[in-house]
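> pasting the sequence and the predicted coordinates here, then a few questions.
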Amino acid sequence: MNVIGLSGGVQYGNQDGAAALLSDGRLLAAAEEERFVGIKFANGLLPRHAVRFCLQHAGLDIRDVDLVVFAGATYKDFETTLRRFFKFHFGHAPEIRLCDHHSAHAASSYYASGFDEALIVTLDFSGDRKSTTVSQGRDGRIEPLAQMLKPNSLGIYYSAVTQYLGFQRDSDEYKVMGMGAYGRDCHDFSHILEITREGYHFHHRFIRGVTPDQPSPGKQEPLFDSFPMPLPPRVPGAPITQEHYDLAASAQAQLERAVLSLVEHHVRATGLDRLCLAGGVALNCLMVQKLRESGLVREVFVPPVCSDAGLALGTAYLAAAAAGREPEPCNHAYWGPEFTNDEIRRVLDLVGARYREVSDPAETAARLIAEGRLIGWFQGRMEFGPRALGNRSILAHPGDGAVKDRLNGLVKFREEFRPFAPSVRHAEGPRYFEGYTDSPYMTQTFTAGPRARSEAPAIVHADGTSRIQSVHATTNPRYDALIAATARRTGLPMILNTSLNVLGDPIARDPFSALKTYFASGLEALVIGNFALEKGSVE
Ligand SMILES: [Fe+2]
């Protein structure tokens, strides 16, 4: 049974279009539409390129697809829209089914986790009128326990704070989280987000036009009228002051308290000791750290894609489970397109790039990193999800604290308060990070230990945390070999890893977009497949 799960849409407010293909419950391919169209978030688009990729990768024709599932149970007559979409772009429309947005979020985490029993919490701005749901997963079945309707939403709360601080909502929330590291939790937010015994209550009387049945205001319209904040709203682009950092820290701390209260209540009620998270708010990796360290549960799982792009996987999982197929856990994030060395060479020749062929790309890249170069690294299948996990990455040696400024100035062109993250060989993690547990998708932070602080200052944020990626030879042998080869030169089994793109662009998908990033930035070398490019080289 072949199922395609979809996310995205045709309204301006729909974003994160993606497609995932499951065959008898087993994930074969998944990708986000933004990588194909070159526009971040791909607002208002259904994922036709991503669907085409999934079919091509699996060697399937559209007529081999038994079912298409889309997360949007309250979308009016959307089956007709999808039927037209498939007929127009693919010449045939398979059977189409709609499912609930938050059920798909829950499935994307529970079935991917491989846990038999878990508490499942979904948190986002809103989807199908809901903002938060709690369910229990037992023996492959998901049973709802509680829900909160829009606008009682932690996503709306955090988006409103993001907008108040002069950033773009539904996009820049991670900047607020990063800013919090420089501030103090000194403002009481309980009149806005009240902590209750069962979780939280968001006092949404300050929020404009966001009832369950109303569409949300446009992205550039203010979400709030008279937000009772201790300082005036920051004008976008205005200097960021200590007061702004304190506001961000206070808002973040209140979010953490709300989620802790929600999880504590339901852990006590169910006795479940594993937690699966999904939904855009689960991208808040500091909040995930607080949950992990709270001792409320033994394990916390956050899937590689917890934004709405993850709905593509979640809907497909739900449909497979409903049809009696056992959803297979997903133990890595490398589900996107890949390119052969012949394909890469053709592009390099076409653009007239000066390059050399290398027999061992990992050794070549390790030498460059150890020499202090900022390099692009393009290998294997593209990641599904917002993080580059060692296949579409920019890499550097984190031993020099100044590398952050070089990266921000030469390559990433982004704000200095945003931290950079490390990839660490899994077995070495406990030597560098406190309370280390496996974190393969860069979805949670850890407090850096003394060795990480002294040997890898570039990946430790101002609050002493690092958003780590645990690297396994079993799921990415070439990337693990690269870190091992770097460690032989630097003594450090860890590298700085950020995504292969410049500010405002999606992560590179193909050799063309990798070369565009390389040539249009201060990247000093690129190792792409079995080829190496170095600026200033005469080879
Ligand atoms: Fe969502």
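Ah, there it is. What you see is a predicted model, and the numbers here were worked out from it, not measured in a lab.

> for the one residue in the stretch 101-250 of the chain that gets nearest to the ion, helix, strand, or coil?
Relative to the ion, the nearest point of the stretch 101-250 of the chain is residue 124 (3.6 Å; Cβ to the ion). Just so you know, the C-beta spots here come from the backbone N, C-alpha and C atoms, and that holds for glycine as well. What DSSP: H, G, I helix; E, B strand; the rest coil gives for residue 124 is strand.

> quick one: contacts for the nearest residue to residue 506 once chain neighbours are set aside?
What sits nearest to residue 506 in space, not counting adjacent residues and going by Cβ to Cβ, 6 or more residues apart in numbering, is residue 34, at 4.3 Å. Residue 34 sits next to 16, 17, 40, 41, 42, 506 when contact means Cβ atoms under 8 Å, 6 or more residues apart in numbering.

> with residue 170 instead?
Contacts of residue 170 by Cβ under 8 Å, 6+ apart are 15, 41, 125, 159, 219.

> can you rerun that using 10 Å?
13, 15-16, 41, 43, 125, 155, 159, 162-163, 216, 219, 280, 307-308 (Cβ atoms under 10 Å, 6 or more residues apart in numbering).

> repeat that for residue 177.
By Cβ under 10 Å, 6+ apart, the neighbours of residue 177 are 158, 162, 248-249, 251-252, 255, 283-287, 418-419, 445, 467.

> mind redoing it with 7 Å?
252, 284, 286 (Cβ atoms under 7 Å, 6 or more residues apart in numbering).

> just the C-alphas of the helix or strand encompassing it, formatted as CSV.
Residue 177 belongs to helix 173-180 when assigned by DSSP states H and E. Taking C-alpha atoms only, helix 173-180 is exported to CSV below (Å, rounded to 0.1, in the frame of the first residue of the first chain):
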residue,chain,number,x,y,z
GLU,A,173,10.5,32.8,17.1
TYR,A,174,13.9,31.1,17.4
LYS,A,175,15.5,34.5,17.6
VAL,A,176,13.5,35.3,20.7
MET,A,177,14.6,32.0,22.2
GLY,A,178,18.2,32.9,21.3
MET,A,179,17.9,36.4,22.8
GLY,A,180,16.7,35.0,26.1
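
> span of stretch 429-448 from start to end?
One end of stretch 429-448 to the other measures 10 Å (Cα to Cα, to the nearest Å).

> show me what counts as buried in it.
429, 432-433, 436, 439-448 (16 or more other Cβ atoms under 10 Å).

> any idea how far that stretch is from the middle of the chain?
Centre-to-centre, stretch 429-448 and its host chain are 17 Å apart (Cα atoms, centre = their mean, to the nearest Å).

> report the mean per-residue pLDDT for it.
Averaged over stretch 429-448, pLDDT sits at 97.

> now do it: everything it contacts.
285-286, 288-289, 292-293, 302, 304, 332-333, 385, 387, 389, 421, 424, 426, 449, 451-452, 460, 464-470, 472, 494.

> and these, which of them are in strands?
421, 424, 465, 466, 467, 469, 470, 494 (DSSP state E).

> so the first one makes contact with residue 499?
No: distance between residue 421 and residue 499: 9.8 Å, which falls outside the contact criterion (Cβ atoms under 7 Å).

> now do the nearest residue to residue 447 once chain neighbours are set aside against residue 257, distance only.
In space, and not counting its chain neighbours, residue 447 is closest to residue 434: 4.4 Å by Cβ to Cβ, 6+ apart. Between residue 434 and residue 257 the distance is 22 Å, computed by Cβ to Cβ, to the nearest Å.

> cool, and residue 471?
For residue 471, the distance to residue 257 - Cβ to Cβ - is 33 Å.

> with neighbour numbers in mind, choose between these two.
residue 471 (29 against 18; other Cβ atoms under 10 Å).

> for the more buried one, give me the pLDDT.
In this prediction residue 471 is given a pLDDT of 98.

> ok, it - contacts?
Per Cβ under 7 Å, 6+ apart, neighbours of residue 471: 390, 423, 424, 425, 426, 479, 480, 483.

> ditto for residue 26
residue 328.

> against residue 458, how distant is the residue nearest to residue 447?
According to Cβ to Cβ, residue 434 stands 19 Å off from residue 458.

> now do residue 169
Residue 169 is 29 Å from residue 458, by Cβ to Cβ.

> please apply the same query to residue 512.
Applying Cβ to Cβ to residue 512 and residue 458 gives a distance of 30 Å.

> more crowded one of those two?
Legend: neighbour count by other Cβ under 10 Å for residue 512 and residue 458, higher for residue 458 (21 against 13).

> residue 186 contacts residue 246, correct?
Yes: between residue 186 and residue 246 there is a contact at 5.4 Å, judged by Cβ under 7 Å.
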